[in-house]
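how would this look folded up:
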Amino acid sequence: MNKNLRNGLIAVAVGIIIWFLPVPAGLKPVAWHLFAIFVATILGFILQPLPIGAIAFISLGLAGLLNVLKPAEILTGFGDVTMWLIVSAFVFAKGFVKTGLGRRIAYKVMAAIGDSSLKLAYALALSDLIVSPATPSNTARGGGILFPIVKSLSSAFDSEPGPSSRKIGAYLMKSTFQCNTITSAMFLTSCAPNSLAAALALKTSQVTITWGAWALAGIVPGLISLAIAPYLIYKLYPPEITKTPEAKVIAEQELAKMGPTTWGEKVVAATFVLALLLWGTSSWTNINATVAAICCVGVMLLGQALEWKDILEEKGAWDTLIWMGGLISLAGALTKVGFIGWFAKLVGVSLTGFSWTAALAILFIAYMYTHYAFASISAHVTAMYAAFLAVAVAAGAPPFLAAMGMGVISGLMGGITHYATGPAPIYFGAGYIPQNTWWRIGFIVSVVNMIVFIGLGSIWWKVVGLW
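Just a heads-up that it's a prediction; the model follows:
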């Protein structure tokens, strides 16, 4: 049997079984039936018999056909303002890639500080950080912008997969990838599932996480983790080459090939700065972050840094709109019909006797390390974020602390395996690092990131009044 057909039948069969099981006490039949469709959708995301956008589209159609959701309820997720913020950010990323601004930034930083392997790792991390607020595809950022640079640098130092991998290539691959997961946790717009988490937080527990709030929450622990990760990996998995003066020469040569900064790059850079200013000051100006993003996309169109066909061809944006909009519709409906509240009370009973701090710690750890079973951050957030958040709030945890904690973990969890998030197979597939080493270092870095983001981060969030 064809693998895709088999996986599709498994998802459908599980949904049918749940549908016809007796409805648990305290739930309405419509809530249970919606849950059956939701579980089948999640399984579809995990097994992927079809692209996840197609699965979400089919699930919404079935929900309407089976009278589980009304047509207006099916479409609610597509009008979510956070959803359109991410779509606009995808267009920003297109501008960085098309004009070459992302590569120019990376080479500029490298030319300035890249004279040792450790500094080179920090240069790549800094480059990732600079473009991350406007690149919701961590795959586009890590794989499209930075990976080709890392690969060319490795080859320039005669470090290839095999006996020469430890010269410098293995270290740069692992450090750059791990830093990508850190920047993915720092901004609402640095990883697409972050916006899904924010939307679910609002629908599940009425917690509002704005772009500015996420950036404020993520900036201090993020910078600390970015300061630690390259050095930690340097000690755990040191490169044989420690001095890299050639890297500056390579960067300068590449910049020379690129020539002077183009008009398109200037437009994208200026618009990016404008967007950051508008996003960061929205609490004072009352300019909605999504409105600001859409206006900035308009500026790039007017400045001819992008053409309309570029936006039409940005498949990642429209694919994300479909699958994430569909999930927001389903998740919002689950909350509305009472399923999430019922589940939180049910699981909350098992946490009776625990303080909210202990309960929240258990949930955070479980949320992070159950990702070993997932090959997609999006699928994991879809499956577990709303339910875990509801349980945490029911246990007495401060809603923002629980929502933000799971939000940042959603980005960090991508670093634990070689299949955990989009950039992982790209860097692992380069062939520089054995799987057991990848997992070992990924686990160690994940523990450090948890301590920084949740331990120190929660203190920072308290100090600045976020919870």
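
which is the next helix or strand following the helix or strand harbouring Leu321?
Assessed by DSSP states H and E, Leu321 sits inside helix 315-336. Next helix or strand after helix 315-336 toward the C-terminus (DSSP H and E): helix 339-350.

doesn't Gln304 fall inside a helix?
No - Gln304: not assigned to a helix; according to DSSP: H, G, I helix; E, B strand; the rest coil it is coil.

how close does it sit to Glu314?
Look at Gln304 and Glu314: by C-beta to C-beta, to the nearest Å, they are 17 Å apart. Any C-beta I mention is one placed from the backbone N, CA and C, and that applies to glycine too.

So if I had to pick from these two, which one is more boxed in?
When neighbours are counted by other C-beta atoms under 10 Å, Gln304 and Glu314 differ, and Glu314 comes out ahead with 19 against 10.

Do you know the pLDDT at the more buried one?
The per-residue pLDDT reported for Glu314 equals 85.

For it, which non-adjacent residue is spatially closest?
Lys94 (5.1 Å; C-beta to C-beta, 6 or more residues apart in numbering).

Gly8 versus the one you found, what's the distance?
32 Å.

Which residues are in contact with Ala344?
Neighbour list for Ala344: Ala387, Ala390, Val391, Val393, Ala394 [criterion: C-beta atoms under 8 Å, 6 or more residues apart in numbering].

I'd like those residues as JSON lines, with distance to Phe343 and pLDDT appended.
What follows is those, written out as JSON lines (distance: C-beta to C-beta, whole Å; pLDDT from 0 to 100):
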{"residue": "Ala387", "distance to Phe343": "6", "pLDDT": "86"}
{"residue": "Ala390", "distance to Phe343": "7", "pLDDT": "88"}
{"residue": "Val391", "distance to Phe343": "8", "pLDDT": "88"}
{"residue": "Val393", "distance to Phe343": "12", "pLDDT": "91"}
{"residue": "Ala394", "distance to Phe343": "9", "pLDDT": "86"}
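
Thr181: which of the residues you listed is nearest?
Using C-beta to C-beta, Ala387 comes nearest to Thr181 of the contacts of Ala344, at 23.1 Å.

Now do the contacts for that closest one.
Contacts for Ala387 (C-beta under 8 Å, 6+ apart) come out as Ile340, Phe343, Ala344, Val347.

Report the secondary structure state of the closest residue to the last one other than its chain neighbours.
Taking C-beta to C-beta, 6+ apart, and ignoring the residues beside it in sequence, Val347 has Val391 as its nearest neighbour in space, at 4.7 Å. Put simply, Val391 is helix when judged by three-state DSSP.

Surely Val391 touches Leu363?
Yes - Val391 lies in contact with Leu363 (C-beta atoms under 8 Å); the separation is 6.4 Å.

and the gap between Gly44 and Tyr419?
The gap separating Gly44 from Tyr419 is 17 Å, by C-beta to C-beta.

mind giving me the domain ranges of the chain?
1-74+322-337, 75-306+338-463 (automatic domain parsing).

Gly442 contacts Gly415, doesn't it?
Yes - applying C-beta under 8 Å, one finds Gly442 in contact with Gly415, separated by 5.1 Å.

For Leu346, the count of nearby residues, please.
Using other C-beta under 10 Å, Leu346 is surrounded by 13 other residues.

what does the one 10 residues further on give?
One way to gauge burial is a neighbour count; for Trp356, by other C-beta under 10 Å, it gives 17.

ditto for Ile444
Close neighbours of Ile444, defined as other C-beta under 10 Å, add up to 14.

Ok, Pro434 next?
Count around Pro434 with other C-beta under 10 Å applied: 12.

phi, psi of it?
Backbone torsions for Pro434, taken as degrees, to the nearest 10, come to phi -60, psi 150.

and the gap between the nearest residue in space to Phe92 that is not next to it in sequence and Thr271?
Leaving out its chain neighbours, the residue that sits closest to Phe92 by C-beta to C-beta, 6+ apart is Ala134, at 3.7 Å. Distance, Ala134 to Thr271, using C-beta to C-beta: 9 Å.

Same question for Phe96.
Taking C-beta to C-beta, one finds Phe96 at 11 Å from Thr271.

now do Cys296
Distance, Cys296 to Thr271, using C-beta to C-beta: 5 Å.

Of these two, which one has the most company?
Cys296 (26 against 23).

In space, what's closest to the more buried one - neighbours in sequence excluded?
The shortest distance from Cys296 to any non-neighbouring residue, by C-beta to C-beta, 6+ apart, is to Ala275 (4.5 Å).

same question, Leu85
Closest to Leu85 by C-beta to C-beta, 6+ apart is Thr290, at 4.3 Å.

I'd like to check which residues are in contact with Ala156.
Glu246, Ala247, Ile250.

related to what we said a few turns ago, give the residues shared as contacts by Gly442 and Gly415.
Gln178.

Show me the residue sitting in the middle of the chain in space.
Cys191 (3.0 Å; C-alpha atoms, centre = their mean).
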